[in-house]
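[1] just the structure for this:
(chains A and B)
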Amino acid sequence: MEKRFMKGCEAIAEAAVRGGCRFFAGYPITPQNEIPEYLSRRLPEVGGAFVQGESEVASINMVYGASATGTRALTSSSGPGISLKAEGISYLASAQLPAVIVNISRGGPGLGSIQPAQSDYLQATKALGHGGFRAMVFAPASLQEAVDLTYNAWEYAERDRGPVVILMDGCLGAIMEEVELPEMKELSYTNTEDWCLARVNGREESHMITPILPELALEMLNKFKGMTYKMWEMSDVKVEEYMLEDAEYVVVAYGIAARVAKEAINTLREQGYKVGMIRPITLYPFPKASLDNLDYSKVKGIIDIEMTIPAQMRDDIELQVKERCPVHEYGRSGGVLLDDEGVYEAIGQIVKGGA
Amino acid sequence: MKQSFVFSGSGGQGIMSAGITLAQTAIVMGKHSTFLPEYGPEQRGGSAKCTVIISDADIISPLPKKCDILVAMNEQAYSKFINDVKEGGTVVVNSSRVNETEREDVKTVSVPVDDVALELGNVKVANTVLIGALIGATGIVSKEAVIASLEEKFKEKSPQIMQLNIAAIEKGITLGKGADK
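    So this is what the prediction gives:
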C-alpha cells in the first residue's frame, strides 16, 4: 500500500477517487475547500467530472442527476452549506439514489466561525433534511480512518439506496498525517443498476426516478426505510471501546475530541484512575449497546466530550444510560479548539472528585 | 520521545511551509508526525501558526496546550505564544524582528534569519534559515534528512534555488548551534 503525508481534506478526496467516485459538484466554503481544489485536478485524470456549481442547491441536484446515471457521486461542504443542500439530500433519500456527502464542520450556529468545531452532530444524525429520513453517518478520528471510511462509503450508499454522510471537523480536515492509500477500485458497473434511469447507456427497461409517489407506494417506501434503519442498528454499528473492562468513568467522544480525550485517559490511567472510552465511529446508527451494556454497578459517571457547546450527543447517551449514573459534559466551541490540558483537567476533576 | 513545535509569524513568511518541511523530514527519518495549520481568512499579513508533533510512537492527540519548542518569526507571534512554551522549553526567535526576551525559564536561540537570508541573496529563504536554526539548536532531525526533503520539495525548481536553500539550511544550522544564550 502506498503511504503519503496528506492533508485531511485531500486524503478524503483521494480516497473517494480510489473508491470509485467519478463526479463531484460543490460550492466553496471554509474549511473544506481543499476537497474541491484537489478533485478539480484529480477527477479529470481518471475520466471523472468536476463541477463548481453556482450554488449549494445546484450542486446537490447535480449529484442527484449524476447518481441517477449510475456514476458514483460526491459533494462536500461545511455546516452552513449542508443546510442549503438539505432539500436535495432529502430528495436523494426519496428517490433512493446513492451519494456521499462530506461535512467538514466549523463553528456554529449560523455562519458561525470558519475555525473547526463539532457543531453538526444533530444536523447529521437527525436533521439532514425534511421528511423523516436517516443517513448513515461516519465520524473518523484519524486520517487513516477517514480514508478507509470514504473508500467504502459508496458500498453502503448503493446497498441501501441513499445518501451516506462523512462528518469530520475542520481540524482533521486541515491536519496532515501519514496515510496508507488503498488500491484504485476496479468497478464493473454497466450503469444499469436498479437505481439508474431508464435508457441510460443503452438500458431498455423502463425506470423512472421520481420524488412523487402515490400514498401507498410512499408509505411502503417509508416502511422499507424503517426496516433498513433497524438493520443498520443490528449489523452496521462501528465503535471503538477503549479500556472499558474495569472502567469507573466512561468518556464518550467522537472524531477529534476522542483523540484528545484518549491522551487524557492514558495519563489518568498512569495515575491509577479507572477511565475508559466509547468512541462512536458511526454516529448513526449510534452504538447504543456499548452504553446500554456497561456494568452500572461499577460505572460512576459518563463524560461526554465534544468540541461544541452545549454537547449535542448527550441526548443519545442519556437514552442509553437511563439515569443509571450521572452524565457530565465538557466542550469548547465557536472555533476555540479542545486541548490536552483542558480535557485532562475536565475529566480529572470529575474522576478525582468522585462526582 | 514526543516533542511539540509551534511555528508562528504572519502570512507570507513561510510558516506553514517550514512546519510541513520539518514534519516531512521527521517522517523520512521513520518517525511519526502531525502538522496542524491555524490561520485566519487573510492570504498575507494575518496571523499564521502551525503545530507540528514529532514522536517515536503513534500520535494520539494532535492538540497540545503547551509546546516544547516555539519558533517566532515576528514580535506579535512572540508575544502571543511565548507563554504557551513549557518550562525548560526552547524558543527560536527571528532576531531581525524580535528584540525582547520575556522568559528566563526557557532556552532562547536568537538568529537574525531575515538578515542572513538577505546576505545569502534572497529574503524568501528566511524560513529555510529558520528551519536550519531550529535543527542546529535542537538536533530534532538530521541535516542529511532535511536536505533530502528540500530536494524533494524543490525538485521542479532550478538548481540555483536548490543551492540557495541548502546554503540557507547550512548557515541556519551553524547559527542555531552557536546562538544559545
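[2] where are the low-confidence patches of the chain?
    Defaulting to chain A. For chain A, the stretches flagged by pLDDT under 70 are A:1, A:189-192, A:199-206, A:211, A:354-355.
[3] try chain B instead
    B:42-43, B:179-181.
[4] and with 50 instead?
    Applying pLDDT under 50 to chain B flags the ranges B:181.
[5] now the residue nearest to the spatial centre of it: closest residue in space that isn't a chain neighbour?
    For chain B, the residue nearest the mean C-alpha position is residue B:131 (4.3 Å; Cα atoms, centre = their mean). In this structure, residue B:131 finds its nearest non-sequential neighbour in residue B:18, 5.2 Å apart by Cβ to Cβ, 6 or more residues apart in numbering or on different chains. (C-beta placed from N, C-alpha, C; glycine too.)
[6] what of residue B:152?
    residue B:24 is the one closest to residue B:152 (Cβ to Cβ, 6+ apart), at 7.8 Å.
[7] how many residues are close by residue A:106?
    28 (other Cβ atoms under 10 Å in any protein chain shown).
[8] where's it, which helix or strand?
    Taking DSSP states H and E as the definition, residue A:106 sits inside strand A:99-107.
[9] with just CA atoms, put that strand into PDB.
    The C-alpha coordinates for strand A:99-107 follow below in PDB (Å, rounded to 0.1, in the frame of the first residue of the first chain):
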ATOM      1  CA  ALA A  99     -24.500   9.500  -2.900                       C
ATOM      2  CA  VAL A 100     -21.800  10.500  -0.400                       C
ATOM      3  CA  ILE A 101     -21.900  13.900   1.400                       C
ATOM      4  CA  VAL A 102     -18.900  15.100   3.300                       C
ATOM      5  CA  ASN A 103     -19.300  17.700   6.000                       C
ATOM      6  CA  ILE A 104     -16.000  19.300   7.300                       C
ATOM      7  CA  SER A 105     -17.600  21.100  10.200                       C
ATOM      8  CA  ARG A 106     -16.900  24.500  11.700                       C
ATOM      9  CA  GLY A 107     -18.200  26.700  14.500                       C
END
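[10] the residue nearest to the centre of chain B contacts residue B:145, correct?
    No: assessed by Cβ atoms under 8 Å, residue B:131 is found out of contact with residue B:145, at 11.6 Å.
[11] thinking again about what came up before, wait, what's in contact with the residue nearest to the centre of chain B?
    B:18, B:21, B:22, B:146, B:169, B:172 (Cβ atoms under 8 Å, 6 or more residues apart in numbering or on different chains).
[12] need phi/psi at the third one.
    Main-chain dihedrals, residue B:22, degrees, to the nearest 10: phi -60, psi -50.
[13] relative to residue B:154, how far out is it?
    Separation of residue B:22 from residue B:154 (Cβ to Cβ, to the nearest Å): 16 Å.
[14] when the two are compared, which one has more neighbours?
    Between residue B:22 and residue B:154, counted using other Cβ under 10 Å, residue B:22 has the larger neighbour count: 25 against 17.
[15] isn't residue A:50 right next to residue A:44, touching?
    Yes: Residue A:50 sits in contact with residue A:44 when judged by Cβ under 8 Å, with a separation of 6.7 Å.
[16] neighbour-wise, which of the two wins?
    Using other Cβ under 10 Å as the criterion, residue A:50 and residue A:44 rank with residue A:50 on top: 18 against 11.
[17] so which elements touch the helix or strand encompassing the more buried one?
    Taking DSSP H and E as the definition, residue A:50 sits inside strand A:49-52. Applying 3 or more Cβ pairs under 8 Å, 6 or more residues apart in numbering or on different chains; DSSP states H and E, one finds that strand A:49-52 contacts strand A:23-26, helix A:34-45, helix A:56-68.
[18] buried ones in it?
    In terms of neighbour count (16 or more other Cβ atoms under 10 Å in any protein chain shown), strand A:49-52 has its buried residues at A:50, A:51.
[19] hey, C-alpha coordinates of it in PDB?
    What follows is strand A:49-52 as a C-alpha-only set of coordinates in PDB (Å, rounded to 0.1, in the frame of the first residue of the first chain):
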ATOM      1  CA  ALA A  49     -16.100  15.200 -14.000                       C
ATOM      2  CA  PHE A  50     -15.700  18.100 -11.600                       C
ATOM      3  CA  VAL A  51     -18.200  20.900 -11.400                       C
ATOM      4  CA  GLN A  52     -18.000  24.000  -9.200                       C
END
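[20] that strand: how far from the chain's middle?
    Here strand A:49-52 is found 22 Å from its chain centre; the criterion is Cα atoms, centre = their mean, to the nearest Å.
[21] which residue is it, in the stretch 101-250 of chain A, that comes closest to chain B?
    Among all residues of the stretch 101-250 of chain A, residue A:176 sits closest to chain B, at 4.0 Å; criterion: Cβ to the nearest Cβ.
[22] so who does the residue nearest to that residue when sequence neighbours are not counted touch?
    The shortest distance from residue A:176 to any non-neighbouring residue, by Cβ to Cβ, 6+ apart, is to residue B:35 (4.0 Å). Residues in contact with residue B:35 (Cβ under 8 Å, 6+ apart) are A:175, A:176, A:177, B:19, B:20, B:23, B:50, B:51, B:52.
[23] residue B:35 bridge partners, please.
    Counting by DSSP bridges, residue B:35 is bridged to residue A:176, residue B:52.
[24] re the thing from before, got the CA coordinates for the helix or strand hosting the residue nearest to residue B:152 in PDB?
    Per DSSP H and E: residue B:24 is located in helix B:15-28. Once non-C-alpha atoms are left out, helix B:15-28 reads as follows in PDB (Å, rounded to 0.1, in the frame of the first residue of the first chain):
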ATOM      1  CA  ILE B  15       5.500  29.500   8.500                       C
ATOM      2  CA  MET B  16       3.300  26.700   7.100                       C
ATOM      3  CA  SER B  17       6.000  25.700   4.600                       C
ATOM      4  CA  ALA B  18       8.600  25.500   7.400                       C
ATOM      5  CA  GLY B  19       6.200  23.300   9.500                       C
ATOM      6  CA  ILE B  20       5.500  20.900   6.700                       C
ATOM      7  CA  THR B  21       9.200  20.600   5.900                       C
ATOM      8  CA  LEU B  22      10.000  19.700   9.500                       C
ATOM      9  CA  ALA B  23       7.100  17.200   9.700                       C
ATOM     10  CA  GLN B  24       8.000  15.600   6.400                       C
ATOM     11  CA  THR B  25      11.700  15.300   7.300                       C
ATOM     12  CA  ALA B  26      10.700  13.500  10.600                       C
ATOM     13  CA  ILE B  27       8.600  11.000   8.600                       C
ATOM     14  CA  VAL B  28      11.500  10.400   6.200                       C
END
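[25] alright, I will stop here.
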